[in-house]
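> here you go, sequence then predicted model.
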Amino acid sequence: MTTALGEKIKAIIQANGPISVTDYFSLCLADPDYGYYRTREPFGRSGDFVTAPEVSQLFGEMIGVFIVHAWQRHGAPTGVRLVEIGPGRGTMMADMLRVIARLAPPLFENMTIHLVETSERLSDVQQETLAAYAGHIQWHQDFDDVPPGFTLIAANELFDAIPFRQFVKTPTGFRERMVGIDADDELSFGAGVAGIDPALLPEQASSMPVGTMFEIAPARQSVMLAISERLKRLGGTALALDYGHLVTGFGDTLQAVRMHEFDPPLAHPGEADLTSHVDFQALAETAVSAGLHVNGMLRQGDFLVGLGILERAAALGRDREPRTQQIIQTAVDRLVGEGEGKMGELFKVMAVSHPAVDLMPFRAVD
């Protein structure tokens, strides 16, 4: 059984030849007729995957704590723009705002809130979630439309949804991985003719066996550059949380998730969410090249524990019935723990700032 988008992709390949993984990824997520983000409700229990803010209010609360801390370390400036790029259902922002209002009333009362969202459907959901803050929030299709001012940015699972390129090592060097059609009229992977600039490969590339995969994401670096250039010009901090690795390496990290289960990436185009690991080293190098200070990179579990999620969970559960305490504990374990189905190690967190400030719970690095 194929999907409507699968048939459309086959028609494109039959007309023009194999397409790159980048183009396949883009079509699966953003095709105007059948793309995953155009047609599905991906988030939450009824969707295909659950993001950290949907697991527990504690996640967004900790991001709120971090935002207040960053604002204070920057000298408590006025005219703040609080920006979330790719705000999902608005859950994280709602939890952040509750904490910011409690911990830093002057920040809460004087800042403006900006949600960068390309999906009209999700904007509608966010407006419902954030109805209590209606007068304070502006929506933007494009990050560049956020008005000037000192900027604090949060981006949770933004970068993994931006297309990337894959190159596979062949006997004649690394070649771009393509999607074509096999003898059974099914979508299949193959190697194309396009190569990669050897300067972009890690040093050990020459010793890697045939079949080794290398991923690069110029589009992700472009987004990081836009964020960095804004912070360099106007001042502020950006926090990125995503599924990924802290050091550039080799491997095939393209994956599809459908109804909370892993799915072969070519099996259900348009009906499964596609992601890949984010290369945080590449993002950090992009930020540094733009003149930013990298506050640090941590595993999500270490980041949340460092901000006090365990203490906050204990306070939230105090004097509650045992079942509620158990729900809170299970949620925290999912956010900070390691192992299957847990986010603490798989997800990484990076903060960048201008001018340079030291931020908890990162250790100062450059």
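That came in fine, so what should we check first? Residues are numbered from 1 along each chain as shown.

> what stretches of this structure score poorly on pLDDT?
Residue ranges of the chain with pLDDT under 70: 1, 38-55, 364-366.

> ranges for the helices of it?
4-16, 21-30, 36-39, 52-55, 57-73, 91-103, 105-110, 120-129, 218-234, 280-289, 300-307, 309-317, 322-336 (DSSP state H).

> shouldn't M178 be in contact with T22?
No. Judged on C-beta atoms under 8 Å, M178 makes no contact with T22 at a distance of 9.9 Å. Where C-beta positions appear, they are placed from N, C-alpha and C, glycine not excepted.

> neighbour count: those two, which is higher?
For M178 versus T22, neighbours defined as other C-beta atoms under 10 Å are more numerous around M178 (23 against 19).

> got the CA positions of stretch 87-98 in CSV?
Coordinates of the C-alpha atoms in stretch 87-98 are reproduced here as CSV (Å, rounded to 0.1, in the frame of the first residue of the first chain):
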residue,chain,number,x,y,z
PRO,A,87,6.0,26.6,19.0
GLY,A,88,4.1,23.4,18.5
ARG,A,89,0.7,23.7,20.3
GLY,A,90,1.8,26.6,22.4
THR,A,91,2.2,24.4,25.5
MET,A,92,5.8,25.3,26.3
MET,A,93,5.2,29.0,25.9
ALA,A,94,2.2,28.8,28.3
ASP,A,95,4.3,27.0,30.9
MET,A,96,7.2,29.5,30.4
LEU,A,97,4.9,32.5,30.8
ARG,A,98,3.4,31.3,34.0
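
> list of residues touching that stretch?
Outside stretch 87-98, the residues that touch it by C-beta atoms under 8 Å, 6 or more residues apart in numbering are 43-44, 51-54, 57, 59-61, 63-64, 67, 82, 84, 108, 113, 115-117, 122, 125-130, 132-133, 154, 156-157.

> now list the buried members of those.
43, 51-54, 57, 59-61, 63-64, 67, 82, 84, 108, 113, 115-117, 122, 125-126, 129-130, 133, 154, 156-157 (16 or more other C-beta atoms under 10 Å).

> just give the number of residues close to L27.
23.

> pull up the gap between the closest residue to it other than its chain neighbours and A101, please.
Nearest non-adjacent residue to L27, counting by C-beta to C-beta, 6 or more residues apart in numbering: I9, 6.0 Å away. For I9, the distance to A101 (C-beta to C-beta, to the nearest Å) stands at 47 Å.

> more neighbours: which of the two?
I9 (25 against 14).

> isn't the more buried one right up against I19?
Yes. I9 sits in contact with I19 when judged by C-beta under 8 Å, with a separation of 7.3 Å.
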